[in-house]
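> structural data only, the sequence is not supplied:
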């Protein structure tokens, strides 16, 4: 588990530039958690701006939380520019499974952009797995074992897949890891999922496209959440503490606190 | 006043889905306060997404704080979809009275969407009352008794009207209630009005379109504000505490702390 | 330095209306810091709304942090309406130097809107100085003395220029002031630069277009940051404390804490 320490140190020394096209609900929290993780966030969704921004970023995060026709076009374009410049793309399919438009956009981004990392909650990931398997709808896959599900999705898409929930899972299509850090209070704050995608952006941007980068990002974020939960009085002070805790987390403590298991 | 306890419990057990088309200034606070009230917020303003989202929501909140031509169209459409599916609409006419465009949009939404609940500050509501009475401009009605004003507005429009300020008023066109909870510190935080509309969305979504739902929402929010104001050092810590306080508020305490009077 | 006290008191008694067209990342913090400084923020970027809003505002803040084709048009229009009504314009060229589109927009706003105040970080201001001198690119000017740089930029453009960083500089083209308040923690929070532009909007809106207004705004904000940094545990609690501190700052203490030097 020593890679946890190394990867955290690497983010903090490299300050990777993470270009986000994300939603307007949680964007400020994404920017701030990105900074607290060691990254350097930039947000822009204008086509004329993306051509430069996505080309020199260290990672691009596409989050479809408040997608619209204009920003979906921007995401597709940012994905293309990123690919052309070997910049890894992290995709957060917020709300996939909830509306037909979101389903279509998620499918299109996965097929055409081919993100290096897909991170969603268990419902979203189950839905994507259902699409990929030819079965539309969460019900058909909802009761499957999540570990197997994301492993086969990752293999099929040739990318890293992370599924979050009470327990988190990460797979590169070959191995599956189960991550058990975190606190239920995360469910009481809007955008903790979006924030995690930004942290993954920092870690992948600094450490490269590896399952270890994604595992380290999730573990750092969730350990910070555990620390924040200890001192908080509710969702408001928890969120404030989450920024502080991730900022202050000592990289040498991370391996001791990590709850990571290969399945 | 036992309905206060029951309604708060109901929101917390049903977790109503509250679809927002709201402004980008305060949207994160709206999402978080909606969660802290017991609701489940979702934000989307894309036409292609609304057709599904507004149809299965438990309430739709339309807030014109940062309106633009595209999102006004989205609001009109979300209102129509909501109506077609018996989903109640809460309308917050932010800035009505300040610019001609806002006046026109507010008038259009009221006439065409026919919201179940209209919630604004006293200036906005006075302005709307002026429109409805054929008199444009706040001055003509500013000195009237607010209780009477909102009662006649509610009666004319066939909806529930809430006016907020130092004292809040709620009327369904038959009765008028005066609500005196709250703290002046609310005036030092951007978006407390928007946040209240989201809480009303949760309460109406869970408890139905009744004046009691709106009264309970306002009272819960304002009692939480009183608690937060006690421990805060200024507007920053007050806002953090507001989330914590609403989340922690005990439903059985609400009737004791409520300052509600029928006029 | 007595003007520091007077200007702070003036903002707090006049509550100037500050119309923002700003970015969606930091807009909520801008609104709240504007309130905490004594101002009254309003955000709108719809052309149909701007015609009224920018005409009766006390100051207009244009921030191109998340610029897009639509909002750039809105900024140009708001600038024109402001000029026609003698409303001062504060321009924050976020990201100038980073992409060609941002460079073009910044140049266009400066040439056509002719802002009364330009405030950027040292990189952005250096870039603008490079443009104005006919040399594109930061490198050519990066090693120059910042004081001289902004003085000649301010003189050429006939406006007040402020450059922020470890040390801040303000010039009206005649005199240059060096400001040394502030705390490194400001660099760990997204949007402290945007927030400062909003505070400048409040001070210029209340006190008029003078170098003293800009110096007072920066000093008030940075002294508040010093207070907040003393008690914080990290970037999250620092930001919360920044709102509280600016709100609570005593105007009579400001001259004692100010670190202002004429160069």
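Happy to help now that I have it. The shown structure was predicted, so the numbers you read here are calculated from the model rather than taken from an experiment.
> tell me the centre residue of chain A?
In chain A, the centroid-proximal residue (CA atoms, centre = their mean) is residue A:197; its distance is 2.6 Å.
> measure that residue to residue C:204 for me?
38 Å (CB to CB, to the nearest Å). Using the backbone N, CA and C atoms, a C-beta is placed for each residue, glycine as well.
> ditto for residue A:255
Relative to residue C:204, and taking CB to CB, residue A:255 is found at 52 Å.
> next one: residue A:216
46 Å.
> coming back round to it: now do the contacts for the residue nearest to the centre of chain A.
With contacts defined as CB atoms under 8 Å, 6 or more residues apart in numbering or on different chains, residue A:197 is in contact with A:22, A:30, A:61, A:63, A:90, A:92, A:119.
> how far away from the center of its chain is the helix or strand containing it?
Per DSSP states H and E, residue A:197 falls inside helix A:192-207. Relative to its parent chain, helix A:192-207 has a centroid offset of 5 Å by CA atoms, centre = their mean, to the nearest Å.
> what's the next secondary structure element after it?
Later in the chain than helix A:192-207, the nearest helix or strand by DSSP H and E is helix A:211-231.
> which ones are touching residue A:175?
Applying CB under 8 Å, 6+ apart, the residues near residue A:175 are A:151, A:211, A:262, A:263.
> now do residue A:244
For residue A:244, the contact set (CB under 8 Å, 6+ apart) comprises A:36, A:228, C:232, C:233, C:234, C:235, C:236, C:237.
> check those and tell me the two furthest apart.
A:228 and C:232 (14.4 Å; CB to CB).
> where does pLDDT dip in chain A?
A:131-144 (pLDDT under 70).
> just the helices in it please.
Counting by DSSP state H, one finds helices in chain A at the ranges A:2-14, A:27-37, A:47-56, A:69-84, A:100-108, A:122-132, A:139-142, A:146-157, A:192-207, A:211-231, A:235-248, A:254-257.
> give the contact list for the closest residue to residue A:74 other than its chain neighbours.
In space, and not counting its chain neighbours, residue A:74 is closest to residue A:45: 4.4 Å by CB to CB, 6 or more residues apart in numbering or on different chains. Residues counted as contacts of residue A:45 (CB under 8 Å, 6+ apart) are A:21, A:70, A:71, A:74, A:75, C:66, C:68.
> save these as a markdown table, and put in distance to residue A:105 and neighbour count too.
Formatted as a markdown table, the contacts of residue A:45 follow (distance: CB to CB, whole Å; neighbours: other CB atoms under 10 Å in any protein chain shown):
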| residue | distance to residue A:105 | neighbour count |
| --- | --- | --- |
| A:21 | 12 | 26 |
| A:70 | 12 | 16 |
| A:71 | 10 | 23 |
| A:74 | 12 | 22 |
| A:75 | 8 | 25 |
| C:66 | 20 | 23 |
| C:68 | 19 | 20 |
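> in the residues you listed, find the pair that's most separated.
A:75 and C:66 (14.6 Å).
> residue A:14: how many residues sit nearby?
By the criterion of other CB atoms under 10 Å in any protein chain shown, residue A:14 has 16 neighbours.
> ok, it touching residue A:204?
No. Shown here, residue A:14 and residue A:204 do not form a contact pair, counting by CB atoms under 8 Å, at 11.7 Å.
> how about the nearest residue to the residue located most distally from the centre of chain A, chain neighbours excluded?
Outermost residue of chain A with respect to the C-alpha centroid, by CA atoms, centre = their mean, is residue A:233; its distance is 26.8 Å. In space, residue A:233 comes closest to residue B:244 once its chain neighbours are excluded; the distance is 4.5 Å by CB to CB, 6+ apart.
> quick check: that neighbour vs residue B:225, distance?
For residue B:244, the distance to residue B:225 - CB to CB - is 12 Å.
> residue A:255 and residue C:204: who's more crowded?
Neighbours per residue (other CB under 10 Å) separate residue A:255 from residue C:204, with residue C:204 holding more: 30 against 14.
> correct me if wrong: the more buried one contacts residue C:90.
Yes. Using CB under 8 Å as the test, residue C:204 is close enough to residue C:90 to be in contact (6.2 Å).
> joint contacts of these two?
With CB under 8 Å, 6+ apart, residue C:204 and residue C:90 have common neighbours C:59, C:116, C:117.
> OK, contacts around the closest residue to residue A:257 other than its chain neighbours?
Computed as CB to CB, 6+ apart, the closest residue to residue A:257 that is not its neighbour in sequence is residue A:223, at 4.8 Å. With contacts defined as CB under 8 Å, 6+ apart, the neighbours of residue A:223 are A:181, A:249, A:254, A:257, A:258.
> neighbours around the fourth one, how many?
The number of residues packed near residue A:257 is 17, by other CB under 10 Å.
> ok, it - contacts?
Counting by CB under 8 Å, 6+ apart, residue A:257 makes contact with A:181, A:223, A:226.
> from the residues you listed, which single one is nearest residue C:108?
Of all the contacts of residue A:257, residue A:223 has the smallest distance to residue C:108: 46.8 Å, by CB to CB.
> spell out which parts of the stretch 101-250 of chain A neighbour chain B.
A:101-102, A:188-191, A:232-237, A:239-240 (CB under 8 Å from any CB of the partner chain).
> tell me the residues on the stretch 1-150 of chain A that lie near chain C, please.
Residues of the stretch 1-150 of chain A lying near chain C by CB under 8 Å from any CB: A:24, A:27-28, A:31-32, A:34-36, A:41-46, A:48-49, A:51-53, A:70.
> ok, now with 7 Å
Residues of the stretch 1-150 of chain A lying close to chain C by CB under 7 Å from any CB of the partner chain are A:24, A:27-28, A:31-32, A:35-36, A:41, A:43-46, A:48-49, A:52-53.
> among these, who's most crowded?
residue A:27 (31 neighbours).
> just list the residues touching it, thanks.
By CB atoms under 7 Å, 6 or more residues apart in numbering or on different chains, the contact list for residue A:27 reads A:43, C:24, C:25.
> tell me the one of the residues you listed nearest chain B?
Closest approach between those and chain B, by CB to the nearest CB: residue C:24, at 4.7 Å.
> wait, isn't the closest one in contact with residue B:26?
No. Using CB atoms under 7 Å as the test, residue C:24 is too far from residue B:26 to be in contact (11.6 Å).
> any idea how far residue A:46 is from the nearest residue to residue A:49 once chain neighbours are set aside?
Setting aside the residues directly before and after it, residue A:49 is nearest to residue C:101 in space (CB to CB, 6+ apart), at 4.6 Å. Note on residue C:101: its distance to residue A:46, by CB to CB, is 7 Å.
> now swap in residue A:24 and tell me
Distance of residue A:24 to residue A:46, computed by CB to CB: 14 Å.
> repeat that for residue A:72.
For residue A:72 relative to residue A:46 (CB to CB), the value is 14 Å.
> and for residue A:61?
From residue A:61 across to residue A:46, the span is 16 Å (CB to CB).
> check contacts around the closest residue in space to residue A:207 that isn't next to it in sequence.
Computed as CB to CB, 6+ apart, the closest residue to residue A:207 that is not its neighbour in sequence is residue A:213, at 4.3 Å. Counting by CB under 7 Å, 6+ apart, residue A:213 touches A:7, A:203, A:204, A:207.
> how about a cut-off of 6 Å?
A:203, A:204, A:207 (CB atoms under 6 Å, 6 or more residues apart in numbering or on different chains).
> right, and out of the residues you listed, which lies closest to chain B?
Taking these together and measuring to chain B by CB to the nearest CB, the closest member is residue A:203, at 23.9 Å.
> mind listing what's buried in stretch A:148-156?
Going by neighbour count (16 or more other CB atoms under 10 Å in any protein chain shown), the buried part of stretch A:148-156 is A:149, A:150, A:151, A:152, A:153, A:154.
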